[in-house]
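> quick one: sequence plus predicted model below, questions after.
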Amino acid sequence: MKIANVSHAQDRLRVSWAGGHHSEYHSLWLLDNSPEHRDEHNGQRRIDILDLPEDPEISDVAFGDEWIEVTWAALGKSARFPVQWLEDRCNCNAHIFPPIAPRPELTLWRTEDAGRFCEMEYREFCGSASARARWLRAAASWGIAFLRGVLCEEREILLVASFVGWLRETNYGRVFNVAVNPRPNNLAYTNTALGLHTDNPYREPVPGLQILHCLKSADGGESLFVDGFAVAETLRQMDADAFDQITRTKVEFRFQDASTELSTCRPLIQLHEDGSIAAVHYNSRSIAPLKLPADSVAVFYRAYRRFALLLSDPRFQVRMHLNAGDLVLFDNHRVLHGRTAFSSSEPRRLQGVYLDHDGLLSNLAALERTLGIRYVSR
Ligand SMILES: [Fe+2]
Ligand SMILES: [Zn+2]
């Protein structure tokens, strides 16, 4: 029995749990969340705040092993709540966290951790839901995951993307081709080296995920990856002033071509309200001239250089050659990527797509629910 004691006042239900903590559920909250107000098929609430009385008075409570029933006699209503559902929503001091969107647990990494990256054969990924759940979980936690042996077909990447989430179409197309282009609108479409960066910080919102599928590899053209969160945390420890500047100075990111004008302002490191790192956006190709007083420019450039130095530190960089059939998914708000130069006579060719974050998290949660790995209460 989970319940030690149940009592009530007019305006609340009190539950003492066998585990030693106590919850108090307000009468209006209970009425608002009454199961009868939810659609039986999709679980959505069918009422609005104005459909509820302002001060519903609880007249009685009763309970069993698995349920607690609350009655509002004056309204001619009662509602039965599953005990587990109530305990999951405990509001004692130990359990009342500020509401934040669910976030995956992060594993920060450096060069030496590359051996623990999730790499999976494409056949296993396509053939097994539990393998896909493992891959998506790793991608959410590490911000990067690899597939090997992906069919080297044009647009095969779309099949992978459909297992991950929902595509984010941009001016580069639903699927973009990273190949040498004689009149490129972006330096990505050349054979030059590309410094570490995240993609499209000039977009609102910035695409959350990127998938790159190597159709043809070339000599040179090695790929670089860095965990921007690990570097940002290191900057925070080593140089709190620089970290502070970077998180507080908004820079303008811009992209223009014949048919596109994109611009937005954001700091290079964005924080959540609780101070944890929300995003890293780093792309020297697209930072517009800073609009800051000269003194502030000096302070910002110092911090920017500190961050850049850490990003280029070999302790953080993972360098690898993507071969035909290799595919990488990475979090574009976290993992910086780059490449070394390659010979333009070699037809190196990658296809890429962007996706939003929420699709990955949704697919992962739904898979884990279906597989019974994780209970999701609503
Ligand atoms: Fe890129
Ligand atoms: Zn509690």
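Now that the structure is in, tell me what you want to look at. Bear in mind that the values here come from a model prediction, so they are computed numbers and not experimental data. Ligands and ions are numbered 1, 2, ... in the order given.

> what sits up against stretch 294-312?
By C-beta atoms under 8 Å, 6 or more residues apart in numbering, the residues outside stretch 294-312 that reach it are 196, 226, 228, 231-232, 234-235, 238-239, 241-246, 249, 268-269, 282, 290, 292, 316, 336. Where you see a C-beta, it was placed from the backbone N, CA and C, and this is true even at glycine.

> contacts only, for the nearest residue to Ile287 once chain neighbours are set aside.
Counting by C-beta to C-beta, 6 or more residues apart in numbering, Val251 is the residue found nearest to Ile287 once chain neighbours are left out, at 5.3 Å. Residues near Val251 by C-beta under 8 Å, 6+ apart: Cys265, Arg266, Pro267, Leu268, Ile287, Ala288, Leu290.

> now do Arg148
By C-beta under 8 Å, 6+ apart, the residues touching Arg148 are Glu119, Met120, Glu121, Tyr122, Gly325, Asp326, Leu327.

> tabulate the residues you listed (JSON lines), appending distance to Met1, secondary structure and pLDDT.
Converted to JSON lines, those look like this (distance: C-beta to C-beta, whole Å; DSSP: H, G, I helix; E, B strand; the rest coil; pLDDT from 0 to 100):
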{"residue": "Glu119", "distance to Met1": "47", "secondary structure": "strand", "pLDDT": "98"}
{"residue": "Met120", "distance to Met1": "44", "secondary structure": "strand", "pLDDT": "98"}
{"residue": "Glu121", "distance to Met1": "48", "secondary structure": "strand", "pLDDT": "98"}
{"residue": "Tyr122", "distance to Met1": "50", "secondary structure": "helix", "pLDDT": "98"}
{"residue": "Gly325", "distance to Met1": "56", "secondary structure": "coil", "pLDDT": "97"}
{"residue": "Asp326", "distance to Met1": "55", "secondary structure": "coil", "pLDDT": "98"}
{"residue": "Leu327", "distance to Met1": "51", "secondary structure": "strand", "pLDDT": "98"}
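
> quick check: ChimeraX command selecting the buried ones in the residues you listed.
Typed into ChimeraX, the line below selects the buried ones among those, using 16 or more other C-beta atoms under 10 Å:
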select :120,122,325,326,327
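
> any idea which of the contacts of Arg148 is closest to ligand 2?
Closest approach between the contacts of Arg148 and ligand 2, by C-beta to the ion: Met120, at 39.1 Å.

> that closest one contacts Trp135, doesn't it?
Yes - using C-beta atoms under 8 Å, Met120 is in contact with Trp135, at 5.3 Å.

> intersection of neighbour lists for the two?
Listed contacts common to Met120 and Trp135 are Ala145, Leu147; contacts here mean C-beta under 8 Å, 6+ apart.

> pLDDT wise, what is the residue of the chain positioned farthest from its centre at?
Ranking residues of the chain by C-alpha distance from their mean position (C-alpha atoms, centre = their mean) puts Ala74 at the top, at 46.3 Å. Listed pLDDT for Ala74 reads 97.

> who are the contact partners of Leu371?
Leu371 touches Ala129, Ser130, Ala133, counting by C-beta under 8 Å, 6+ apart.

> so the last one is in which element?
So the one you mean is Ala133. If you go by DSSP states H and E, Ala133 is part of helix 129-142.

> before we move on, what SS does the closest residue to Arg203 other than its chain neighbours have?
Of all residues not flanking Arg203 in the chain, Leu262 sits nearest, at 5.9 Å (C-beta to C-beta, 6+ apart). The assignment at Leu262 comes out as strand when based on DSSP: H, G, I helix; E, B strand; the rest coil.

> could you report the neighbour count for Leu262?
The number of residues packed near Leu262 is 17, by other C-beta atoms under 10 Å.

> and the helices in this structure?
Per DSSP state H, the chain carries helices over the ranges 27-32, 83-88, 122-127, 129-142, 156-164, 228-238, 240-248, 294-311, 357-370.

> make TSV from these and add distance to ligand 2 to it.
Formatted as TSV, the helices of the chain follow (distance: least, C-beta to the ion, whole Å):
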stretch	distance to ligand 2
helix 27-32	15
helix 83-88	8
helix 122-127	40
helix 129-142	27
helix 156-164	36
helix 228-238	30
helix 240-248	33
helix 294-311	40
helix 357-370	24
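
> I'd like those helices written out as JSON lines, with distance to Asn171 added.
Shown next, in JSON lines, are the helices of the chain (distance: least, C-beta to C-beta, whole Å):
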{"stretch": "helix 27-32", "distance to Asn171": "44"}
{"stretch": "helix 83-88", "distance to Asn171": "44"}
{"stretch": "helix 122-127", "distance to Asn171": "29"}
{"stretch": "helix 129-142", "distance to Asn171": "26"}
{"stretch": "helix 156-164", "distance to Asn171": "18"}
{"stretch": "helix 228-238", "distance to Asn171": "24"}
{"stretch": "helix 240-248", "distance to Asn171": "28"}
{"stretch": "helix 294-311", "distance to Asn171": "27"}
{"stretch": "helix 357-370", "distance to Asn171": "20"}
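
> now do the contacts for Phe125.
Residues counted as contacts of Phe125 (C-beta under 8 Å, 6+ apart) are Ala131, Arg132, Trp135, Leu147, Val160, Phe163.

> taking those, tell me the two that lie furthest apart.
Maximum pairwise distance among the contacts of Phe125 (C-beta to C-beta): 13.1 Å, between Ala131 and Val160.

> one step back: of the contacts of stretch 294-312, buried ones?
Buried among the contacts of stretch 294-312 by 16+ other C-beta under 10 Å: 196, 226, 228, 231-232, 234-235, 239, 242-243, 245-246, 249, 268-269, 282, 316, 336.

> the protein against ligand 2: which residues are in contact?
Listed as neighbours of ligand 2 in the chain under the rule C-beta under 5 Å from the ion: His21, Cys90, Cys92, His95.
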